[in-house]
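Visitor: Got a predicted structure here, sequence first:
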Amino acid sequence: MTDEQKAERRILIANNKAWASAETVRREWLITLLTRKTLPKDAAVVIARGLTVHRQAVSSATRDGNELAHQLLGLEPSSYLEADKLAALIEHTPAKAQHVALAVVLGACESVTSKESWRYPTATDAAYLTQLAAWGYSLSDVEQIVTGATLAEPTDAEAAGDTSKDD
């Protein structure tokens, strides 16, 4: 391998590890989001976009996304032969219907992301992570690659460790 290929390989390995770590943090953040009593004001719009604009991700991730939706809501995934626990949650607590719908859409979007997402980001991946950031999730460096966001270059003072600002 050339030095350039070795450097690319190191970046690949580092970003794959960073993605795995970011996935854990992101899913924990999603659980916290979905346990809130009140969802973000634009949750209905996100659900509608998930079912229309990003329907490919939602339909292709039905099984995995549905299982992840259960986990995000703190439910054990339903087995093949038992009634869906998401449906039961809506039945017993109709006020949670929007939480369930959002969990299904987010679970689907989350389940189609992978280590490949930072290398070959799709429009769905970018829209999904951008929406999470708009809701207050702090994107990691590797997630920012997906959204096309770039990290601001530190000023000389920040690089030297001085974060105070002169007024």
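Guide: Thanks, I have the structure now.
Visitor: can we go C-alpha only for contacts and neighbour counts from here?
Guide: Fine.
Visitor: So which bits of the strand or helix carrying Val25 are buried?
Guide: Val25 belongs to helix 3-35 when assigned by DSSP states H and E. Using 16 or more other CA atoms under 10 Å as the test for burial, helix 3-35 gives 15-16, 18-19, 22-23, 26-27, 29-31, 33-34.
Visitor: pretty sure Val50 is in contact with Val58, am I right?
Guide: Quick fix: residue 50 is Gly, not Val. Yes: counting by CA atoms under 8 Å, Gly50 does reach Val58; the two are 6.7 Å apart.
Visitor: as a whole number, average confidence for the helix holding Val25?
Guide: pLDDT averaged over helix 3-35 equals 97, rounded to a whole number.
Visitor: The chain should start at 31 in everything you say after this.
Guide: Noted, 31 is the first residue going forward, which turns the last one into helix 33-65.
Visitor: next structured bit after that helix?
Guide: On the C-terminal side of helix 33-65, the closest following helix or strand by DSSP H and E is helix 73-81.
Visitor: That next one - contacts with which helices or strands?
Guide: helix 85-90, helix 127-141 (3 or more CA pairs under 8 Å, 6 or more residues apart in numbering; DSSP states H and E).
Visitor: Farthest pair within the buried residues of helix 33-65?
Guide: Using CA to CA, the buried residues of helix 33-65 reach their maximum pairwise distance at Asn45 and Leu64, which is 27.6 Å.
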